[in-house]
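Student: Could you work out the structure for the sequence below:
(one chain, ligands or ions: 1)
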Amino acid sequence: MNHIVLIGHGKMGSALAKGWVKENSQYKISIIEKEELLLNYKKFTNVKVYKNFNEFFTENKEIDFVVLAIKPQQLNDIKNDILKFENKSTVFISILAGKSVSWFKENISTEIKIVRAMPNLPASISRGVTAIYCSSSILPNEKLIIEELLSSIGTVSFVSNEEQIDLITAISGSGPAYFFYLTEALTEIAIDLGISKDDATNFAKNTFIGSAILLDSDNINNATSLRKNVTSPGGTTEAALKILMNEEEGLKIILKKAVLNAINRAHELKN
Ligand SMILES: NC(=O)c1ccc[n+]([C@@H]2O[C@H](COP(=O)([O-])OP(=O)(O)OC[C@H]3O[C@@H](n4cnc5c(N)ncnc54)[C@H](OP(=O)(O)O)[C@@H]3O)[C@@H](O)[C@H]2O)c1
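Tutor: Numbering: from 1, shown residues only. Predicted coordinates for the structure are as follows:
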């Protein structure tokens, strides 16, 4: 039975744990979290919760995977604790934004077996999409378990180089905020046009949600064909899309600028 240690049980950590913790789970799970969590997991015999590393290390030696789910700025506080995982074969999976493989090697240990993963917010409802980058020391059988662990919060995809993690962070990591902003903008436009706040909120939100569910459930059409299907020649949607799809100043130009800005910021934060 693989022993998985989760460090940090916040928004992401709790979503991951929710997927792993079930009756007949094939994992032994340890959770290290400052907040009181014991009651959440009382009925699961394969789960133990620890309030700090000292408590954890007095009881545990053999650890297969450690999932780091704390905030990036909290990592410095636990650098020395990470070094106490003596077994050199332990695999560390970091979901921390902006902390590179080289950061772990330079600041923790050159021998650390490290995997970077970038989930996104819908992970909290098991509909996330996670990019995974494995450094060269990760073995094929370890990759299978990593895939299984991260699939508990949605779909996963391995990328072949670490730079892709920064690019994907700007697409899917920040993507939920782009979607929420579009919803906000459409709501505010509706209000400006004289629709009541309640109606504007309802129509904008449910239009996007309904369209997303349609995109997800339609096995034949992709976003492009669904968009074409809803655009009658000479109609109102076409008139709107002429503005949105303008090649010089349309939405794609603005969205690309936004994505590139996010990528630049990721580089700045790394340095
Ligand atoms: N949220 C997202 O959408 C998202 C998306 C992609 C990646 N990520 C990454 O996921 C990581 C976690 O994000 P999050 O939103 O889940 O953060 P979060 O809700 O703040 O969760 C972090 C948890 O770790 C706990 N913690 C901190 N230091 C600890 C320690 N030494 N020992 C035990 N527990 C400790 C925190 O407790 P306290 O609150 O008491 O400090 C908190 O409960 C971040 O690095 C972030 O970059 C998040």
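
Student: For the residue of the chain found nearest the ligand, grab the count of nearby residues.
Tutor: Closest residue of the chain to the ligand, C-beta to the nearest ligand atom: residue 10 (1.7 Å). The way it works is simple: take the backbone N, C-alpha and C, and place the C-beta from them, glycine included. When neighbours are defined as other C-beta atoms under 10 Å, residue 10 has 14 of them.

Student: ok, it to residue 266 distance?
Tutor: To residue 266, residue 10 is 21 Å away according to C-beta to C-beta, to the nearest Å.

Student: And what about residue 211, helix, strand or coil?
Tutor: Using DSSP: H, G, I helix; E, B strand; the rest coil, the structure places residue 211 in helix.

Student: What are the neighbouring residues in contact with it?
Tutor: Residues near residue 211 by C-beta atoms under 8 Å, 6 or more residues apart in numbering: residue 226.

Student: switch the cut-off to 10 Å
Tutor: Applying C-beta atoms under 10 Å, 6 or more residues apart in numbering, we find residue 211 in contact with 223, 226, 227, 230.

Student: So the most far-flung residue of the chain relative to its centre: helix, strand or coil?
Tutor: Distance from the C-alpha centroid of the chain, by C-alpha atoms, centre = their mean, peaks at residue 234 (40.7 Å). Using three-state DSSP, the structure places residue 234 in coil.

Student: pretty sure the residue of the chain closest to the ligand is touching residue 35, no?
Tutor: Yes: applying C-beta atoms under 10 Å, one finds residue 10 in contact with residue 35, separated by 8.7 Å.

Student: Do me a favour and get the backbone dihedrals for residue 161.
Tutor: phi -140, psi 160 (degrees, to the nearest 10).

Student: That one is in contact with residue 100, isn't it?
Tutor: No: look at residue 161 against residue 100 with C-beta under 10 Å: they stay out of range, at 11.7 Å.

Student: Buried residues, the one helix or strand in the chain whose mean pLDDT sits lowest. List them.
Tutor: The weakest-scoring helix or strand in the chain, judged by mean pLDDT, DSSP states H and E, is helix 38-41 (a mean of 75). By neighbour count on 16 or more other C-beta atoms under 10 Å, the buried set for helix 38-41 is 40, 41.
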